[in-house]
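Trainee: my questions concern the predicted model and sequence given below.
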Amino acid sequence: MTLDEMYDELDLYGFDDFEDSQKLTLLNEAYFDIVTREPWPFMEKLLPSLVVPANTEKITNNTFGGSPTDVGSVLSFVDTTNDTVMIPERFDVIEKMYRVNDLESSPINYYFVGDDLYVYPVTKGATTYRLAYIRTPSAATTSSDTFLIPSRHHSIIVYGALVKAFLVNDDPQAAVFQNMFESRYQQMRNDVWVNQYDRTDRIHVVSDGYDWNY
């Protein structure tokens, strides 16, 4: 659905007196409510060949070409130049346990400072990474109305916006549309989270060796 189509649907429910800018605000709020609830598959993104220059530690929102700006949560981070799987660590642990040793090596750890992704130690030479992550959603605008939710489920954004619109007017119908929103949300979950049926379900037992009884 385009923004105009969403605006028209809001009008059908009696909100034709709302300005388009107000409708857009409600739609964006509903959109963020949906996409931040869980790590949806449609929020995943893969950078197969992210080239980071030498002497670099900040990976995201940097000035080098290709530096990603929408990394929310890392799914997989691999140094394909040195065949190394990067190890996640907390920023404070890096500061207290690693950086005091002034390690000189190719990066082996990654960590976040706020929303920015860093590696430790700094890259010695140009390094290529394969990075998979959950994207940080961006608000739709009049010039960019791309919603990451699959188009077949765009109606849930409208339902979410209607809930907020009815709440603005202190209308009891908000509860009705809240139920419709939650029902539509479950339908989307059932559709989006299962995309392969060609293998039977398996239970993987993962245990720490220190917990074993010998």
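Mentor: Yes, it's here.
Trainee: from here on, contacts and neighbour counts on C-alpha atoms
Mentor: Will do.
Trainee: ok, Met1 - contacts?
Mentor: Ser151, His154, Ser155 (C-alpha atoms under 8 Å, 6 or more residues apart in numbering).
Trainee: right, and out of those residues, which lies closest to Asn28?
Mentor: Of all those, Asn28 sits closest to His154, with 11.9 Å by C-alpha to C-alpha.
Trainee: that closest one - how many residues pack around it?
Mentor: A count of nearby residues for His154, using other C-alpha atoms under 10 Å, gives 17.
Trainee: got it, and the one 4 residues further on?
Mentor: By the criterion of other C-alpha under 10 Å, Val158 has 24 neighbours.
Trainee: hmm, it is touching Asn28, no?
Mentor: No - using C-alpha atoms under 8 Å, Val158 is not in contact with Asn28; the gap is 9.8 Å.
Trainee: on contacts alone, who are the packing partners of the helix or strand containing Pro48?
Mentor: Assigned by DSSP states H and E, Pro48 belongs to strand 44-52. Applying 3 or more C-alpha pairs under 8 Å, 6 or more residues apart in numbering; DSSP states H and E, we find strand 44-52 packed against strand 127-135.
Trainee: what's in contact with the strand it packs on?
Mentor: For strand 127-135, using C-alpha under 8 Å, 6+ apart, the contacting residues are 39, 43-54, 70-81.
Trainee: low-scoring pLDDT stretches of the chain, where are they?
Mentor: Applying pLDDT under 70 to the chain flags the ranges 100-104, 196-197, 199-201, 204, 206-214.
Trainee: need phi/psi at Leu162.
Mentor: Note on Leu162: backbone dihedrals following degrees, to the nearest 10 are phi -60, psi -40.
Trainee: wait, it sits on Gln173?
Mentor: No - assessed by C-alpha under 8 Å, Leu162 is found out of contact with Gln173, at 9.3 Å.
Trainee: more crowded one of the two?
Mentor: Leu162 (26 against 14).
Trainee: ok, now which ones touch the more buried one?
Mentor: Leu10, Leu26, Ala174, Phe177 are the contacts of Leu162 under C-alpha under 8 Å, 6+ apart.
Trainee: Thr136 is in contact with Val71, correct?
Mentor: Yes - taking contacts as C-alpha under 8 Å, Val71 lies within contact range of Thr136: 5.9 Å.
Trainee: the contacts of Met1 in helices, which ones?
Mentor: When those are checked against helices (DSSP state H), the matches are Ser155.
Trainee: can you add distance to Thr142 and give the contacts of Met1 back as JSON lines?
Mentor: What follows is the contacts of Met1, written out as JSON lines (distance: C-alpha to C-alpha, whole Å):
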{"residue": "Ser151", "distance to Thr142": "18"}
{"residue": "His154", "distance to Thr142": "17"}
{"residue": "Ser155", "distance to Thr142": "18"}
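Trainee: report how many residues lie close to Glu57.
Mentor: The burial count for Glu57: 19, using other C-alpha under 10 Å.
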